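[1] Predicted model and sequence below, questions to follow.
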Amino acid sequence: MSGERNLWSRRLALDLRASLGVVAALALVPAFVDSPYWLGVLIVSVYFALLALGWNLLAGFTGQFSLAPAAFAMLGAYTTALLDYHWKVPLALGIPAAIVSTALLGWLLGRVVLRLKGPYLALTTLSFAEIARVVIGNSYVFTRGDQGLNVPALFHSRVGYYYLFLGVLLAVLAGLYFLMRARAGRFWLAIRDDEIGAESRGIDVVRYKTLAFALSCAICGLAGSLYGTFSQLVSPELGLLLQTGLVISMVVVGGMGSLTGPIVGALIVYLASEWLREVGNIQMIVFSIAVILFARFLRTGLWGLATRAP
Amino acid sequence: MLALDLFVNGLIFGLFYALMAVGLAMIFGVLKVVNFAHGEFYMVGAYTYVLCSMKLGITPWLALPLAAVAGAALGWTVERLLMRPLYAGYSSWSIMKDEYAVVVTFGLSLLLINLVDKVVGPYPYRGPALIETSRFAVGPVMLNGQKLIAAGISIALLVGLALFIKRSLWGRQIQAVAQNRLGASLAGIDATRTTSLIFAVSGLLAALAGALLAPLINPSPDVGAFPAVKSYVIVVLGGMGSIWGAMIASLLLGVLESFFAVYVSYDYRDAFGLLILMLVLIFRPQGLIGEKGRDV
């Protein structure tokens, strides 16, 4: 890229600064909060922020509306758990293995659904997600089915886990920023806005779409694998369609097609859900109404609202 | 006579699937969107039937049409409130273009499930049957009384729908809008009202399917997920948007599943339908029965 700054790179730089600000604020939290319960809540919201960033790479930046992010988190978690359970593979190898396996599966799924758009793509990825969940839930011998598998923890300090998740979030954020600033990002946006137009200008659509699938699924797989070691139990429930619904609602509320939006959305939705659970278990009602209202009236989400030109 | 038994039972389930799938196919035919809240239309029908007959003491034969009204009203409202942007000012959006309907109907599905869960409670209810006889024999096949009555009503509804679409003025307007929205409006058809009508009809059919099955399935708030997934498979098999394709594919899937569950694997019977869906979408996106050249 040449040194000149256009509108997109300026927007992206602002986006990055805002998201780094959010991560920095999160890094200070353990100085004020020492209840292990709330640290746990924050860890789970950072887990969802990772899923939201991964899904946003596909849906928000590349325009490929997949319904399988939770399924890939489940597949990543099971890769690590199964390697440990059957072959006693240490976590130092099991976690990278989860990234590799979900990237490969995502690449394969991306290849298979290349020609599908909109509702067709949504239905195909939905079936993939449900098949993966049913197969894992029913293969009692290999995966212990619905009972789930125990996973060893990386370490036993909650604060340690919190900073591990934040570190991963920072790394994913930086990786996404550099990709979005470079050629790949421009190509993804072009594919999202006009696939035929992109192809006619010489963009290798097949290559960049499958790349987006592989990367997005690998991010979800890594998040799932880490979450498995944190909760020390993986079960098919990680891949429930409801979890995908949560991820979608986070990105839609925060702002699709940005870096800050998914992170802020994940924090707001998950923290609010903890609070609303205490108010009377109405969190899902509130979120589904929020998603419908945002999609109907404010498609750019909170990030779009915050950065709207006056 | 196991094979015959499986065949008849599969066919009956196919009829119930058809009530769901036909509405989904009609919506897809006109708006090119998949209604991810379709299973919740079914759930609302089942709950209206159960609550009307149990809490209000209305006879089941009157609760059935009430469920139909509830479903139609829900479908109509959803179209009015949420589907309008799909054909007004929608082409200029930069993000969430194809996905608006997925997000909104997915959100609606979560909303309805959790609303019922909160208001009515998460426990399953069993609805009263339309007929007291629990089992009787039709030739060599043993059947459940409620199932037989429900199958009869389903046949009547499907034939009625076919006649409505083919013969009535409204039905022909639906066909015209599905073929070409702009052309239909130029010919003086109120395309907006027709779209509302389609949602009302599809809500009505799905709610009736739920009400008819309520005595057999013990509705709980998430009861709609299972039939909804079936109807996605069927709509894809039958060629998205084709009503006749959906009817044939429903019967086919009902029978295939009933054999698969017994002869191959009971645990994986749901994955089986989804696998068909993926394979058809990937290799034959126009559906097995649908017309050729449908663009994806």
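    Sure, I can see it.

[2] Least confident secondary structure element in the chain?
    Defaulting to chain A. Across the helices and strands of chain A, mean pLDDT, DSSP states H and E gives its lowest value to helix A:140-143, namely a mean of 82.

[3] let's do chain B instead
    strand B:135-138 (a mean of 70).

[4] Can you mark which positions in the helix or strand following that strand are buried?
    Counting by DSSP states H and E, the next helix or strand C-terminal to strand B:135-138 is strand B:141-144. Of the residues in strand B:141-144, B:143-144 count as buried by neighbour count, 16 or more other C-beta atoms under 10 Å in any protein chain shown. From N, CA and C alone the C-beta is placed, and that goes for glycine too.

[5] and what of stretch A:229-237?
    A:229-231, A:234-236.

[6] Need the residues that contact the least confident helix or strand of chain B.
    B:8, B:142-145, B:148 (C-beta atoms under 8 Å, 6 or more residues apart in numbering or on different chains).

[7] what do you get if the cut-off is 7 Å, keeping everything else the same?
    Outside strand B:135-138, the residues that touch it by C-beta atoms under 7 Å, 6 or more residues apart in numbering or on different chains are B:142-145.

[8] Quickly name whichever of the residues you listed is closest to residue B:165.
    residue B:143 (29.7 Å; C-beta to C-beta).

[9] Please name the spatially closest residue to the closest one (chain neighbours excluded).
    Nearest non-adjacent residue to residue B:143, counting by C-beta to C-beta, 6 or more residues apart in numbering or on different chains: residue B:136, 6.4 Å away.

[10] same deal with residue A:201?
    Counting by C-beta to C-beta, 6+ apart, the residue nearest residue A:201 is residue A:190, at 7.3 Å.

[11] and the one you found, how many neighbours?
    Using other C-beta atoms under 10 Å in any protein chain shown, the number of residues around residue A:190 comes to 19.

[12] Report the backbone C-alpha coordinates of the least confident helix or strand of chain B in PDB.
    Extracted in PDB, the C-alpha atoms of strand B:135-138 (Å, rounded to 0.1, in the frame of the first residue of the first chain):
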ATOM      1  CA  ARG B 135     -55.900 -46.900  18.500                       C
ATOM      2  CA  PHE B 136     -57.700 -48.600  15.700                       C
ATOM      3  CA  ALA B 137     -56.800 -50.700  12.700                       C
ATOM      4  CA  VAL B 138     -57.000 -49.600   9.100                       C
END
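
[13] Flag every buried residue along the least confident helix or strand of chain A.
    Quick answer for helix A:140-143 (16+ other C-beta under 10 Å): residue A:143.

[14] From chain A, how far off is residue B:24?
    11 Å (C-beta to the nearest C-beta, to the nearest Å).

[15] Please, where are all the helices along chain A?
    Under the criterion DSSP state H, helices of chain A are mapped to A:7-28, A:36-56, A:69-87, A:91-112, A:118-138, A:140-143, A:158-181, A:183-193, A:195-200, A:205-231, A:241-254, A:260-280, A:283-297, A:301-306.

[16] So which of these is nearest residue B:37?
    helix A:283-297 (10.2 Å).

[17] which other helices and strands contact that closest one?
    If you count contacts as 3 or more C-beta pairs under 7 Å, 6 or more residues apart in numbering or on different chains; DSSP states H and E, helix A:283-297 packs onto helix A:241-254, helix A:260-280, helix B:100-119.

[18] mind checking how far residue B:123 is from residue B:46?
    14 Å (C-beta to C-beta, to the nearest Å).

[19] Get me the contact residues on chain A for chain B.
    By C-beta under 7 Å from any C-beta of the partner chain, the residues of chain A that approach chain B are A:59-60, A:65, A:112, A:115-120, A:122-124, A:127-128, A:130-131, A:134-135, A:138, A:193, A:245, A:248, A:252, A:256-257, A:281-282, A:284-285, A:288-289, A:291-292, A:295-296, A:299.
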